[in-house]
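**Q** sequence-free structure coming up:
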């Protein structure tokens, strides 16, 4: 029987070619890309070159970079031709005559990062995770994950308030460390590292943990909880198995979960209405709002517009490097102050927010009650920090990542796997462009969870070996 297989890289190539054909045939009149045709073709050519290079090198981190660039930059281009399109380039009055230059800057920044990945060539040392996780360790991982999820459920259902002040410093720190995403990261990577018979034995336990892990984000009004879980599954597969290859069944399952994330988008939207307006929750009122949003008032054009705006990193990049109002917040001095404030428990030294939140307030004014932020984009950040010397920053970060892979040591494959997905997720977070200050804070708090869990796994392993020795000595 022939089993159809297709690499994720091949899917990305097809998407870029479809965008290229669409852009070639489309009428550019009335769009902000009118007059920038050569620059768009340059951007598409550079992207295709990177994808074809990756088809030869099969580097995990080049694949992640290409996924982000195709999904959030290239796939935005067709939506720009929609009459209902919302764009920061238009609403924030970017000088359209400068867009050809901004697109050249984007192509150069992307090329810099691609070349840096190829030069450093960071690789996940997969030979350290070839062994299976013992069943007793996997059981303890499930129990530990269940306890963390239970704590998050209690916090969400009994203490969460979108208008409330921040928690006192110790609960706030614990909430930041023991997050649902961290637990899902642990569950997914460990599930891929146990024998299939063991996974089948505990499949309902794993499924239950994952389902309950989605509840806090949905209840708090998040619209992307399932998409985040799918993203973490991708990273786990990338760490354990390498660059992603789809089979027909995998494509079907991915499509089903994609449709499910569309449904949960509206559930999160309804929950957001409850919290923002201080409505008391009741099933009847929930069904009333859901019926209004999802059934009666759902306009497919509005849904597509909202989706395209969220993937509109092309617009975010152009807008961020074109407006001087953001420059005071995207620099190493500001980052240092923001990091110090976030790392000091219970008090602030400088009293400033993360850069991504500061740039929101710089344009929109302070947000009341809800923390809002904006994406800087990794390429916008690199250009604002160092201009065309941004490749020095890219090289430094990639060399640091490669150094950690070579020098990290652990006593078990489970510990190696958890550490590798932690680095992989951090790389993705950097590419999404929320700012180096937020990246460092995320890595510190997520790193505490990772190394705490690695310590637990080591203790469980040592205790298991001691029990085996005792049994043998008794015999």
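**A** Now that the structure is in, tell me what you want to look at. All values derive from a computational prediction rather than experimental measurement.
**Q** how is the chain carved up into domains?
**A** Domains of the chain are assigned by automatic domain parsing as 5-120, 126-474.
**Q** Distance across the shortest one, terminal residue to terminal residue?
**A** In other words, domain 5-120. Domain 5-120 has an end-to-end distance of 29 Å (CA to CA, to the nearest Å).
**Q** what is the rounded mean pLDDT of it?
**A** In this model, domain 5-120 has a mean pLDDT of 93.
**Q** Give me the neighbour count for the nearest residue to residue 130 once chain neighbours are set aside.
**A** Closest residue to residue 130 apart from its sequence neighbours, by CB to CB, 6 or more residues apart in numbering: residue 413 at 7.0 Å. (Glycine included, C-beta is placed from N, CA and C.) Applying other CB atoms under 10 Å, we find 21 residues neighbouring residue 413.
**Q** and if you look at residue 387?
**A** Residues near residue 387, counting by other CB under 10 Å: 10.
**Q** How much space separates it from residue 381?
**A** 12 Å (CB to CB, to the nearest Å).
**Q** pLDDT (mean, whole number) over stretch 198-215?
**A** 89.
**Q** Distance from it to the middle of the chain?
**A** Distance, stretch centre to chain centre, for stretch 198-215: 22 Å (CA atoms, centre = their mean, to the nearest Å).
**Q** Identify all contacting residues around it.
**A** 132, 135, 138-139, 142, 145-146, 149-150, 152-153, 156, 180, 183-184, 187, 191, 225-226, 229, 264 (CB atoms under 8 Å, 6 or more residues apart in numbering).
**Q** how far away is residue 93 from residue 32?
**A** In this view, residue 93 and residue 32 are 11 Å apart by CB to CB.
**Q** Residue 417 too?
**A** From residue 417 to residue 32 the distance is 44 Å (CB to CB).
**Q** same thing with residue 436?
**A** Per CB to CB, residue 436 is found 29 Å from residue 32.
**Q** Could you do residue 63 as well?
**A** Going from residue 63 to residue 32 by CB to CB gives 30 Å.
**Q** Of those two, which one has the most company?
**A** residue 63 (23 against 17).
**Q** Who are the packing partners of the helix or strand that contains that one?
**A** Assigned by DSSP states H and E, residue 63 belongs to helix 60-69. If contacts are counted by 3 or more CB pairs under 8 Å, 6 or more residues apart in numbering; DSSP states H and E, helix 60-69 sits against helix 8-25, helix 37-57, helix 99-120, helix 225-241, helix 413-432.
**Q** For residue 304, find the nearest of the ones you listed.
**A** Closest to residue 304 of the helices and strands packed on helix 60-69 is helix 8-25 (CB to CB; 15.0 Å).
**Q** What lies in contact with that closest one?
**A** In contact with helix 8-25 (CB under 8 Å, 6+ apart) are residues 33, 37, 40-41, 44, 47-48, 51-52, 54-55, 58, 63, 66-67, 70, 74-75, 77-78, 243-246.
**Q** Of the residues you listed, keep whichever come out buried.
**A** 33, 40, 44, 47-48, 51, 54, 63, 66-67, 70, 74-75, 77, 243-244, 246 (16 or more other CB atoms under 10 Å).
**Q** lowest average confidence, helix or strand, in this structure?
**A** The helix or strand of the chain with the poorest confidence is helix 283-290; it has a mean of 64 (mean pLDDT, DSSP states H and E).
**Q** The stretch 51-200 of the chain: helices as residue ranges?
**A** 60-69, 88-91, 99-120, 135-159, 169-177, 180-191, 196-201 (DSSP state H, counting those that start in this stretch).
**Q** correction: the stretch 351-475 of the chain
**A** Remark: helices assigned in the stretch 351-475 of the chain by DSSP H, counting those that start in this stretch are 355-364, 378-386, 390-407, 413-432, 436-474.
**Q** Pull the residues that contact the second one.
**A** Translated: helix 378-386. By CB under 8 Å, 6+ apart, the list of residues contacting helix 378-386 from outside reads 105-106, 109-110, 112-113, 316-317, 320-321, 326-327, 330-332, 376, 390, 392-394, 430-433, 435-436.
**Q** Please confirm that residue 246 is located within a helix.
**A** No. Using DSSP: H, G, I helix; E, B strand; the rest coil, the assignment for residue 246 is strand, not a helix.
**Q** List the contacts of it.
**A** If you count contacts by CB under 8 Å, 6+ apart, residue 246 has them with 5-8, 11, 254.
**Q** Distance to residue 463 added to the residues you listed, as JSON lines?
**A** Output for those, formatted as JSON lines (distance: CB to CB, whole Å):
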{"residue": "5", "distance to residue 463": "42"}
{"residue": "6", "distance to residue 463": "44"}
{"residue": "7", "distance to residue 463": "42"}
{"residue": "8", "distance to residue 463": "40"}
{"residue": "11", "distance to residue 463": "45"}
{"residue": "254", "distance to residue 463": "39"}
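**Q** So which of the residues you listed is surrounded by the most neighbours?
**A** Per-residue neighbour counts (other CB under 10 Å) across these peak at residue 8, which has 18 neighbours.
**Q** That residue and residue 243: what is the separation?
**A** Shown here: residue 8 relative to residue 243, a distance of 7 Å by CB to CB.
**Q** Can you check which residues contact both of these two?
**A** Both residue 8 and residue 243 are in contact with residue 63, where contact means CB under 8 Å, 6+ apart.
**Q** pLDDT weak spots in the stretch 151-300 of the chain?
**A** Under the criterion pLDDT under 70, the flagged ranges of the stretch 151-300 of the chain are 158-170, 218-224, 260-300.
**Q** What subset of the contacts of helix 378-386 is buried?
**A** Buried members of those, counted by 16+ other CB under 10 Å: 105-106, 109-110, 112-113, 316-317, 320-321, 326, 330, 376, 390, 393-394, 430-433, 435-436.
**Q** How many neighbouring residues does the closest residue in space to residue 350 that isn't next to it in sequence have?
**A** Nearest residue to residue 350 in three dimensions, chain neighbours excluded: residue 337, at 4.1 Å (CB to CB, 6+ apart). By other CB under 10 Å, 17 other residues sit near residue 337.
**Q** May I have the residues that are in contact with residue 337?
**A** With contact taken as CB under 8 Å, 6+ apart, residue 337 is in contact with 349-350, 352.
**Q** Compare the residues you listed and tell me which is most surrounded.
**A** residue 352 (17 neighbours).
**Q** ok, back up a step: quick check: which of the helices of the stretch 51-200 of the chain is buried the most?
**A** The highest mean neighbour count among the helices of the stretch 51-200 of the chain, using mean count of other CB atoms under 10 Å, belongs to helix 180-191: a mean of 24.
**Q** Between helix 225-241 and it, find me the angle.
**A** Inter-element angle recorded for helix 180-191 and helix 225-241: 40 degrees (by axes from the mean of the first three to the mean of the last three CA atoms, to 10 degrees).
**Q** got the buried residues for stretch 401-414?
**A** Across stretch 401-414, burial judged by 16+ other CB under 10 Å covers 401-402, 405, 410, 412-414.
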